[in-house]
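*Asks:* kindly return the folded structure for what I paste below:
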Amino acid sequence: MISARITLPVRLTVGDHTTDVGELELAPGEPITPTLAAMFREAADALDRAEEASTDGTS
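*Replies:* The predicted structure is shown next:
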């Protein structure tokens, strides 16, 4: 049985654009769905903060 954590690269593709968004680190048997959901919530929060910081229309 594997006991070490594994790291998976995460890439997001929208249309013709692909970007590396980070990595997921999981323990053996750990479900991936909650981890992915948390990653996307963090990404959405970061986008919201970036939009709030750029109120002059240059974002």
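
*Asks:* next, count neighbours for E52.
*Replies:* 9 (other CB atoms under 10 Å). Any C-beta I mention is one placed from the backbone N, CA and C, and that applies to glycine too.

*Asks:* where does pLDDT dip in this protein?
*Replies:* Low-confidence segments of the chain, defined by pLDDT under 70, span residues 1-2, 55-59.

*Asks:* so which residue is smack in the middle of it?
*Replies:* Geometric centre of the chain, nearest residue: M39, 3.8 Å, by CA atoms, centre = their mean.

*Asks:* for the host helix or strand of that one, packing partners?
*Replies:* M39 is part of helix 32-53, with elements assigned from DSSP states H and E. Helix 32-53 sits against strand 17-26, with contacts defined as 3 or more CB pairs under 8 Å, 6 or more residues apart in numbering; DSSP states H and E.

*Asks:* what strands flank the strand it packs on, and is each parallel or antiparallel?
*Replies:* If you go by DSSP bridges, strand 17-26 pairs up with strand 6-14 (antiparallel).

*Asks:* any chance you could list what contacts the strand it pairs with?
*Replies:* For strand 6-14, contacts defined as CB atoms under 8 Å, 6 or more residues apart in numbering pick out 18-26, 28, 36, 39.

*Asks:* with stretch 21-34 instead?
*Replies:* 1-12, 35-36, 39, 43.
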